[in-house]
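>>> Starting from these lines, generate the structure:
(one chain, ligands or ions: 2)
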Amino acid sequence: MRSKKVIRNPTIMKIIFYGQACFGVEFGGKHLLFDPFITPNEKAKGININDIKADYILLTHGHQDHIADAETIAKNNEAIIISGFETSVFMGNRGCKYHPMNHGGKWKFDFGTVKLVNAIHSSSFPDGSYAGNPHGFVIWNDEACFYHAGDTALTMDMKLIPMTCPKLNFAILPIGDNFTMGHEDAAIAAEFIECDNIVGCHYDTFGYIVIDKDAAKESFSKRGKMIKLPEIGETFEI
Ligand code: NI
Ligand code: MN
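Numbering: from 1, shown residues only. Ligands and ions are numbered 1, 2, ... in the order given. Below is the predicted model of the structure:
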């Protein structure tokens with residue numbers, strides 16, 4: 001069984017990579033920002049977070065390398081945090097606007113529909129407190145559909161995405177290994193989600209997740225998949 005919706009001739013989207021799992025995506029006329037971890041990232045010193053526009057900030061889980069700059073950027077922009085229940089309330093307690101969700105649920109926002117999907121990982125806030133379960137996002141409107149997997153292992157649950165969501169135009173997958181799936185498993189994930197255009201993330205930020213980029217590209221190309229490995233600060237279209 002497959003979801004019938006296929007977005008033909010999807011709108012070309014402008015995406016900017018800010019390092020680790022942080023991306024800005026212009027979608028449905030809004031600026032979406034994912035997992036901001038910029039000021040603590042030595043490799044992202046060239047990015048000024050006060051220049052970042054965000055209408056919504058989407059957080060996949062509570063780990064520091066995903067939420068570090070969320071409060072500052074949310075307050076700079078009066079952005080709405082979209083995340084799992086615990087992470088949303090945590091940000092709300094810091095004075096941010098938020099929309100709480102949980103796994104399997106979807107909601108129609110003014111830019112499109114957001115669905116929270118499973119991720120196999122852990123989640124706690126920087127102080128060690130409980131941050132709920134980590135998740136990914138599938139986001140779509142009439143222009144396109146994409147998936148930000150967050151931090152995750154390869155999981156059979158990814159096969160549910162093509163059954164329950166429109167066909168993906170692209171997907172952002174972690175490939176750095178050690179804390180998430182590595183590129184070999186991520187290439188299998190690309191098959192599970194039935195998506196040919198992959199953007200890699202969660203690699204090279206620190207020692208545990210340094211990768212061989214040529215080997216990563218090979219993992220995907222041998223399965224007939226494209227992988228984009230953007231530079232920090234790079235804007236690209238997909
Ligand atoms: Ni994490
Ligand atoms: Mn992480």
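
>>> of all the residues in the chain, which ones are close to ligand 1?
Within reach of ligand 1 by C-beta under 5 Å from the ion, the chain has these residues: H63, D151. Placement of C-beta: from N, CA and C, glycine included.

>>> What's the separation between the most centrally placed residue in the chain and M156?
By C-alpha atoms, centre = their mean, the chain has its centre lying nearest to H148, at 3.2 Å. Distance of H148 to M156, given as C-beta to C-beta, to the nearest Å: 19 Å.

>>> ok, how many other residues are close to the closest residue to K167 other than its chain neighbours?
Closest residue to K167 apart from its sequence neighbours, by C-beta to C-beta, 6 or more residues apart in numbering: V6 at 4.6 Å. The number of residues packed near V6 is 11, by other C-beta atoms under 10 Å.

>>> did I read that right, V6 in a strand?
No - assessed with DSSP: H, G, I helix; E, B strand; the rest coil, V6 is coil; it does not lie in a strand.

>>> all helices for the chain, in order.
Per DSSP state H, the chain carries helices over the ranges 64-67, 70-77, 85-92, 160-164, 183-192, 213-221.

>>> which parts of the protein sit against ligand 2?
Counting by C-beta under 5 Å from the ion, the residues of the chain close to ligand 2 are H63, D65, D151.

>>> looking at the sheet around L33, what are its partners?
For L33, the beta-bridge partners under DSSP bridges are G24, I57.

>>> try W107
V114.

>>> thought L173 was touching Y203?
No - applying C-beta atoms under 8 Å, one finds L173 not in contact with Y203, separated by 10.4 Å.

>>> more crowded one of these two?
Per other C-beta under 10 Å, whichever of L173 and Y203 has more neighbours is L173, with 30 against 23.

>>> Let me see the confidence value for the closest residue to the more buried one other than its chain neighbours.
Using C-beta to C-beta, 6+ apart and skipping the chain neighbours, the partner closest in space to L173 is A186 (4.6 Å). Reported pLDDT at A186 in the predicted model: 98.

>>> what does stretch 225-234 rub up against?
With C-beta atoms under 8 Å, 6 or more residues apart in numbering as the test, stretch 225-234 has contacts from 15-19, 41, 43-44, 46-47, 175, 183, 187, 190-191, 195-200, 203, 213, 216-217, 220-221, 236, 238.
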